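[1] Below are the sequence and a predicted model; questions follow.
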Amino acid sequence: MASKSKPLIAVDKLTERQAKVELVRLALEIERHNEAYYNEDAPTISDAAYDELRRRSDAIEARFPGLVTKDSPSQKVGAAPSGKFRKVRHAVPMLSLDNAFAEQDVVDFVARIRRFLRLGDDETIVFSAEPKIDGLSMSLRYEGGDLVTAATRGDGAEGEDVTANIRTLKDVPHHLKGRGVPDVCEVRGEVYMTKAAFLALNERQKAAGDTVFANPRNSAAGSLRQKDPTITASRPLGFFAYAWGEMSAMPADTQSGMIAWFEHCGFKTNPLTRTCRSVEQLLAFHGEIESRRSHLDYDIDGVVYKVDRLDWQERLGFVSRTPRWAIAHKFPAERAITVLKDIEIQVGRTGALTPVGKLEPVGVGGVIVQNVTLHNPDYIKGVGGKGEVLREGRDIRIGDTVIVQRAGDVIPQIVDVVLDRRPKDAKPYHFPRTCPCHLHTEVVREEIAGGEEGARARCTGEFACPYQKIQHLMLFVSRRAFDIEGFGEKQIEYFFEQGWVKEPGDIFTLQARNDKLKLEQIEGYGATSVRNLFDAINERRTIGLDRFIYALGIRHVGETTALALARGYGSWEAFHDACLKVAAKDEAAMAEMDDIDQIGDTVIQAVAAYFGESHNRGIVERLTRHLTIVDAEKPKKDTAVAGKTVVFTGSLEKFTRDEAKAQAARLGAKVSGSVSKKTDYVVAGPGAGSKLAEAAKLGVTVLTEDEWLALIGGA
Ligand code: IVH
C-alpha cells in the first residue's frame, strides 16, 4: 500500500487540491485491488486494509462532495465487474411486462384478451392481481426437489449464478416440500429488502464509514452480488414467489393454483394477492394497494394483473418480449416539494448546454434528490411545448418552490412551481449567451430533432471548448471505447488540468514524456501505480476499427453506427479516405456511405462536419501514429442469407434478439425492424403478432427459429 511509504495527511487537514490528488491515487489503488479480488480471485491486501482505502476515499468525498465523479469507487459499490459470477442461460427466457398507467389502458388490456380469445361479454375472465415488488427477479432451479441454481435475470436470456448467496435467504427452501414434486421446477420471483432493513443497513454502513445505498432495491442488488455469501447472509433479504420457468410437469392449471402450490412447497407468496373478475375489481385492487403502499414494509411500484387460466395464457402468448396475458399497472410517480437554489450549466461532449437545477435536498420515493435536469432554455421559460412535464404556463426561477417528480428509474424532473411561494424579487432566468468555458464562444439555438419540442443551446467552440475536449477524452477512455484500466474520468480530469493530456494522442506519449513529467513523484502516486497505468495504456495500442471509430467522438456515431461503418469499410485506411472525401462533399463517396446499412444523412453530415474541421483532422492524425487499428470483419458475401433482408419477430428462445441480429449481419443479411415487400424472411418466435400477419399478406417467407438456424447453418 502506498500509504505505508508516506504518512497520510488527516482527511480534515487536506486542502481541496491535495484531496483531488489523493482521490485519484485511491481510485487507482482500489481499482487495482478490485481487479485482483474479483477477476483474478487473488486479493493482494487484507479486507481490513482494503476497507480502510475505501473509507478514506469516502471520507474525502464526504468533505469535498464536488470531487465525486461517476467512476469514483463510492459510486461502484456492490456493482461487481463483469465476470464475477458464472453466466447461466435461462432454460425459458425471463421476460418483462407491458405497462398500464391510465385506467383506460387496463380497459383496453381486458378488451384485447376478450377479442383474442373470442370470449363473449358475459364470459368471466378471472385474473390473479398481485403487488409488483420493486426488487430483483430471480430464477431458482430445482432438480429432484433440490435447489441447484439461482440465477439473476440478466438480459433475460442469460443471468448470473448467485446460488451460494441465495442459499443464505431464509425464504428460499433448499429442498421443495411435499410429495410428487416435478423433477425439474424453476420457481421465479422477487428478491427484496424491507424498508426497515434498508434503513438499518444504511445506519450501520454510515457508522462504519461505508457507502450508503440509495434505495432498498439497490441495497438488495448490492447484497446479492457479494463474492462472500456470509455478507449476503448478514443482510436480511426476502423472496416472494410468483412465476415459473421450465417445469417438467405442471402442478396446477391456474396462476392462483400455482401460487398456492409455491406456498405448499415452502415459499412465501405475497399476502395481498387476490383474484379479480372484472375491470372494476382490478381497478379497485389497484386503488386499495396504492393506499396501502406507504404502510407496506417493502417497495412496490404498481400491481400486476395476470389471466388466471394457464390454458388461456398459453393461447394468448407473447408480443415481442411481453406476455399478452399480463400487464403491470403502475402507480403514478412519487412527488415532493422543495426549493430551487440555483441553476448551473453543464456542457456535454457535443457542446450541448444543459441547465441543471440545484435543489434543497429532498426525499422522493426513497431517494434523496438534489439535482434535476431542466432540459433546455425553453423548458425554463415554460415554453417547451407539448411533451414536456412542466405544468403549462409555468416558468422556473431561482428561489422558486417546486414540485419534483421521480418515476421509477427516470431522472427526477420539476413538474410544477408553487406560484404563491415565489419570492417577490425572483427574476426570470436568463440563459447565458456565452459558454461557461470562458472562451466566450457564442451559444446558438438548435432545434431538437426527433419530435421533442424546444431548442437546445449549443457552444460553438467544438474541440476548442475545454469542456468538450475533456468530455471527448472521457468518452475516449471509457469502457466501450479504449477501455484504459485505471484511467477513468477522475484521472482524465486531473491529467487534463495539469496540461499533461490535452487530446487523445497525448495519452500514448505519456510514458515517453515521463522523464520530464515524473508521474511517480506526484504525491501518493508511486512507481507501481505509474507502471500499471503505462501497462494499461500500452495494452490498448492495438484496437478494433469499430471501437476506434466510436472513440473518435463524432456526433451521432454511437457504438452501433460505429460498427456499421467499420463493417462497411473494413479498414481504417478505407474509412479515413472516405471521410476525407465526404468532408470535401465528394458525391460518389457520400453515396457509398449512404449505401451502408443503417447509415443515413444525419451520420454523413456529422462525418463531414468532423473531418471538415482541420483541428479534428490533426487530432486524428496525431493519434493514429501510435496505434495499430485492426480491420473489421466485412459481412460475408457467400452465405445463404447474404444480401437478404430479415425481420425477427416474437420471442426467440436460443438467442437474444441482439445476438440473432448481429449474427445475421455478420452473415451479410440486412436486418430490418418492419416487414415490407423487400423483406426476404420473417423469423417468427412465440408471440409473433402483427409482423407475422403482414408477412402473410405480402407472401413473405416465414421461418421458425430452427428453420432459420438450419438455413444459416448450411451457409
Ligand atoms: S410476472 C413474463 N409478477 O416486474 C412476466 N413480475 O416488468 C413475468 N415483478 O422482471 C413477471 N412483481 O422482476 C411478475 N407479481 C409479479 C411481479 C413481477 C414484480 C417484476 C419482475 C419482472 C418485472 C416485469
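    Right, received. Where do you want to start?
[2] Every contact and neighbour count from this point should use C-alpha atoms.
    Fine.
[3] Run the chain-centre distance for the longest helix anywhere in the chain.
    In the chain, with assignment by DSSP state H, the single longest helix is helix 16-34. Centre-to-centre, helix 16-34 and its host chain are 26 Å apart (C-alpha atoms, centre = their mean, to the nearest Å).
[4] just checking, what packs against it?
    Judged by 3 or more C-alpha pairs under 8 Å, 6 or more residues apart in numbering; DSSP states H and E, the packing partners of helix 16-34 are helix 47-63, helix 489-498.
[5] and with 7 Å instead?
    Of the remaining helices and strands, those touching helix 16-34 by 3 or more C-alpha pairs under 7 Å, 6 or more residues apart in numbering; DSSP states H and E are helix 47-63.
[6] Give the buried residues for the helix it packs on.
    For helix 47-63, a neighbour-count test (16 or more other C-alpha atoms under 10 Å) marks 50-51, 53-61 as buried.
[7] Same question for stretch 141-155.
    141-143, 145-154.
[8] before we move on, the earlier item: what angle sits between the longest helix of the chain and helix 47-63?
    Interaxial angle of helix 16-34 relative to helix 47-63 (axes from the mean of the first three to the mean of the last three C-alpha atoms, to 10 degrees): 150 degrees.
[9] Show me which positions of helix 16-34 end up buried.
    Going by neighbour count (16+ other C-alpha under 10 Å), the buried part of helix 16-34 is 19-34.
[10] cool, and stretch 353-364?
    Residues of stretch 353-364 classed as buried by neighbour count (16+ other C-alpha under 10 Å): 353-359, 362, 364.
[11] same question for that stretch, mean pLDDT?
    For stretch 353-364, the mean pLDDT works out to 90.
[12] Output the buried residues of helix 47-63 in TSV, with pLDDT and distance to the ligand appended to each entry.
    Listed next are the buried residues of helix 47-63 as TSV, based on pLDDT from 0 to 100; distance: C-alpha to the nearest ligand atom, whole Å:
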residue	pLDDT	distance to the ligand
Tyr50	68	33
Asp51	60	32
Leu53	81	35
Arg54	76	31
Arg55	73	33
Arg56	85	36
Ser57	86	34
Asp58	77	31
Ala59	82	35
Ile60	88	36
Glu61	83	33
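[13] Hmm, Asn270 is touching Phe240, no?
    Yes. Proximity of Asn270 to Phe240 meets the contact threshold set by C-alpha atoms under 7 Å, at 6.1 Å.
[14] And these two? Which one has more around it.
    Higher neighbour count among Asn270 and Phe240: Phe240, with 24 against 17, using other C-alpha atoms under 10 Å.
[15] ok, the nearest residue to the more buried one once chain neighbours are set aside - contacts?
    Nearest residue to Phe240, sequence neighbours excluded (C-alpha to C-alpha, 6 or more residues apart in numbering): Thr269, at 4.8 Å. By C-alpha atoms under 7 Å, 6 or more residues apart in numbering, the contact list for Thr269 reads 240-242, 259, 263.
[16] Hmm, Leu310 is touching Thr254, no?
    Yes. The pair Leu310 / Thr254 is scored as a contact, 5.1 Å apart, by C-alpha under 7 Å.
[17] Where do the strands of the stretch 501-650 of the chain begin and end?
    Taking DSSP state E, counting those that start in this stretch, the strands of the stretch 501-650 of the chain run over residues 542-544, 628-630, 645-649.
[18] which residues sit against the first one?
    To tie it back to what came earlier, the one meant is strand 542-544. In contact with strand 542-544 (C-alpha under 7 Å, 6+ apart) are residues 627-632.
[19] And it, how far out from the chain middle?
    Distance of strand 542-544 from the chain centroid (C-alpha atoms, centre = their mean) equals 25 Å.
[20] same question, the last one
    On the basis of C-alpha atoms, centre = their mean, strand 645-649 is displaced by 26 Å from the centre of the chain it belongs to.
[21] the inter-axis angle of the helix or strand just after that strand versus strand 645-649?
    Following strand 645-649 in sequence order, the next helix or strand is helix 657-666 (DSSP states H and E). Counting by the same axes, to 10 degrees, helix 657-666 lies at 170 degrees to strand 645-649.
[22] mind listing what's buried in helix 657-666?
    657, 660-661, 663-666.
[23] Now do that helix: everything it contacts.
    Contacts for helix 657-666 (C-alpha under 7 Å, 6+ apart): 635-636, 671.
[24] can you narrow those residues to ones near the ligand?
    Contacts with the ligand within the contacts of helix 657-666, counted by C-alpha under 6 Å from any ligand atom: none were found.
[25] tell me which of the residues you listed is nearest to the ligand?
    Closest approach between those and the ligand, by C-alpha to the nearest ligand atom: Val671, at 26.1 Å.
[26] Alongside the ligand, which residues does the protein contribute?
    Near the ligand, when you scan the chain using C-alpha under 6 Å from any ligand atom, you find 95-97, 130-134, 136-137, 190, 242-243, 304, 323.
[27] quick one on the thing from earlier: quick one: buried ones out of the contacts of helix 657-666?
    By neighbour count, with 16+ other C-alpha under 10 Å, the contacts of helix 657-666 hold 635, 671 as buried.
[28] so how far is Lys227 from Ala284?
    44 Å (C-alpha to C-alpha, to the nearest Å).
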